[in-house]
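**Q** predicted model, plus sequence, below.
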Amino acid sequence: MLRAWQDVIVKWRLVPNDLPGTVPEAVQHAASARSALLDGQLDTAYDEFSAAARLRDDPLDQVGLGDVHLARGRWHQADEHYRRALAGGGAAALLARLGRTQVMVGEGHAAGAVADLEHLVADRPGDPTLRYYLASAWYSVAEQCRARTEDDTLVIASEQQLLICEQAAERILSLDVGDDELDRGAQQLLREVALGRRWTWSPEGIAVSLAVLTVALGLITVVAGGLMGNPVLVVVGAVVGAGLVFAIVFRFRRQTWRRHAREMAGRITKSGV
């Protein structure tokens, strides 16, 4: 699925509303189609873009038809129309490229969309529309990389997923697209990553009890060795105590994301990357 409805239509900012045409009737149909698309009237938009396409060979009409299919989750049909628009070149080709990146996102390949969009933004770094699409695709990468439960709860279940989420959030904020939803989502991702990296005891009660007993045993051994004037016992007590503490830390200390992933393991239906 796409992240938001505006991912379908924002690209139309890149072309003016009053593009000239040699067939007035087709221009009228195309204008009505674009207005209907931006208003979310998909049936009307499809009919009007189709009417325009019958009267002229304009790749923007193919982009519009692709957008209607995109909005309805018909990825293959959308991609077919975008491919036709690409062959026409010009502004329509750029819109078609953006449309195809959204097809990739919809099909679950947001990382591929990011790769294409990074190239577009590198060529036109100041373009806010391209930057928006890149930020949105990065957000989709963070969603698609994580594990998912049966009720669609997203779970960071690996170190790689943690790193991808951090990279996505930082890239979104660096693009500074001024989209409140994206910015809030990126900040929440960074908070989730920071929380996931915190260390905790698992299971907490057993780990703490063992640690206390181990320290107490080590101290008793060291003190007993000192009172008995036995340096070997002091050394043994210190070494054994340190070794046991290390073993407890190694066995029971976990980063929070690992503990949470283990708790959610039985509910996870998709493992992510």
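**A** Structure received. Numbering: from 1, shown residues only.
**Q** quick check: chain neighbours aside, which residue is closest to A111?
**A** The shortest distance from A111 to any non-neighbouring residue, by CB to CB, 6 or more residues apart in numbering, is to V141 (5.5 Å). Where C-beta positions appear, they are placed from N, C-alpha and C, glycine not excepted.
**Q** per-residue pLDDT, that neighbour?
**A** V141 carries a pLDDT score of 97 in this model.
**Q** which helix or which strand is home to it?
**A** Under the criterion of DSSP states H and E, V141 resides in helix 128-145.
**Q** ok, now Y46?
**A** Using DSSP H and E, Y46 sits in helix 42-55.
**Q** may I have that helix as PDB, with CA atoms only?
**A** Listed next in PDB are the C-alpha coordinates belonging to helix 42-55 (Å, rounded to 0.1, in the frame of the first residue of the first chain):
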ATOM      1  CA  LEU A  42     -11.500   8.400  -9.600                       C
ATOM      2  CA  ASP A  43     -14.300   7.200 -11.900                       C
ATOM      3  CA  THR A  44     -14.700  10.600 -13.400                       C
ATOM      4  CA  ALA A  45     -11.000  11.100 -13.800                       C
ATOM      5  CA  TYR A  46     -10.600   7.700 -15.500                       C
ATOM      6  CA  ASP A  47     -13.500   8.500 -18.000                       C
ATOM      7  CA  GLU A  48     -12.100  12.000 -18.800                       C
ATOM      8  CA  PHE A  49      -8.500  10.900 -19.200                       C
ATOM      9  CA  SER A  50      -9.700   8.100 -21.400                       C
ATOM     10  CA  ALA A  51     -11.700  10.500 -23.500                       C
ATOM     11  CA  ALA A  52      -8.800  12.800 -23.900                       C
ATOM     12  CA  ALA A  53      -6.500   9.900 -24.900                       C
ATOM     13  CA  ARG A  54      -8.900   8.800 -27.600                       C
ATOM     14  CA  LEU A  55      -8.700  12.300 -29.200                       C
END
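**Q** buried by neighbour count: which residues of it qualify?
**A** Neighbour-count burial for helix 42-55, counted by 16 or more other CB atoms under 10 Å, picks out L42, T44, A45, Y46, D47, E48, F49, A51, A52, A53, L55.
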